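1. Could you look at this predicted model? Sequence included:
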Amino acid sequence: EPILHFRIMIKLLLSTLLFMTCARFSNAFASQTTITTNCQLSRPTTLLPYKASEGNDHHEAEDTMVPSKPQIMSLNSPEALKQFLEEDERLCAIKFHASWCKSCKVFGKQYERIGKEVGDLVAINDASTVTRKGEIRLAEIEYGKNAGLCKSLGVKKVPSIFFYYNGKKLDGFPCGPKRIAHTLERLNHYRSLSPTELAFETSMGQGNVLGDELLEQLLPQKNDSDKDEDTSHQAEPSNVSNQ
């Protein structure tokens, strides 16, 4: 009980400090942006309409002429991840999955659909030929082959999806079949934001990460048996939580 109360007090304090910092940031850009508040889905599996941007406004004609598929990059190293996130300034999504995970296969179909609707498209017969430049860029990381990389990024369950902007983590959460509606809602929300608003939300996400790290340092450590249990739970791909 005392530890729980202490954790809550620390969280409230950190949240207050973060709110004050973000409020100053928001005021500095108040004259440049208007926060979008009415982003809602009409159905759980409905995405917002595709928004053509400069350089991809002829995607419909291209899609008709060239058989295409969504471009979902497979990342297998920290270097590949860094290169993917820094390629351009678009919103990025990364799916974390495992070959043995049934829920991952279910979400994989939805992820592919997201790529078809708002991601980059490439020619089926030539993956180097981009037939449409989408709003967002998609990638995936297989846990079994990249357990160290996944754990370094904070992946605790599969399937999970992380959003990044300008190379920094914006959001991340498990995305099993029961959470597909939530995943689409968050995606639509981030798609509706301006670059300034995305930068603002990214800064808030980074603040939450720092707060969690501070909590881990302040709160008493778990006993050795708990530590061993947690480590073994994440060391083997077959033991990663399946949600």
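-> Sure thing, it's come through.
2. Please make it C-alpha for all contacts and neighbour counts, starting now.
-> Will do.
3. contacting residues around the residue nearest to residue 73 when sequence neighbours are not counted?
-> Nearest non-adjacent residue to residue 73, counting by C-alpha to C-alpha, 6 or more residues apart in numbering: residue 139, 4.3 Å away. For residue 139, the residues meeting the contact criterion (C-alpha atoms under 8 Å, 6 or more residues apart in numbering) are 72-75, 92-95.
4. Could you rerun that using 10 Å?
-> 71-75, 81, 84-85, 92-96, 111, 115, 161-162 (C-alpha atoms under 10 Å, 6 or more residues apart in numbering).
5. name the element residue 187 belongs to?
-> Residue 187 is part of helix 180-191, with elements assigned from DSSP states H and E.
6. How about residue 82?
-> Assigning secondary structure by DSSP H and E places residue 82 in helix 78-85.
7. ok now do residue 71, which residues does it touch?
-> Neighbour list for residue 71: 112, 115-116, 119-124, 127-128, 130, 132-134, 137-139 [criterion: C-alpha under 10 Å, 6+ apart].
8. Show me just the buried residues among those residues.
-> The neighbour-count test (16 or more other C-alpha atoms under 10 Å) marks 112, 115-116, 119-124, 130, 132-134, 137-139 as buried among the contacts of residue 71.
9. now, which of those residues sits nearest residue 199?
-> Out of the buried ones among the contacts of residue 71, the one with the shortest distance to residue 199 is residue 137. That distance is 17.0 Å, counting by C-alpha to C-alpha.
10. Residue 86 is in contact with that closest one, correct?
-> No - the pair residue 137 and residue 86 does not pass the contact test of C-alpha atoms under 10 Å, sitting 11.1 Å apart.
11. Where does the prediction get shaky in this structure?
-> In the predicted model, the chain carries pLDDT under 70 at residues 1-64, 206-243.
12. ok, 80 please
-> Judged by pLDDT under 80, the chain has its weakly predicted residues at 1-65, 205-243.
13. Where do the strands of it begin and end?
-> With DSSP state E as the definition, the chain shows strands at residue ranges 68-70, 72-74, 91-97, 121-123, 126-132, 136-142, 157-158, 160-165, 168-174, 241-242.
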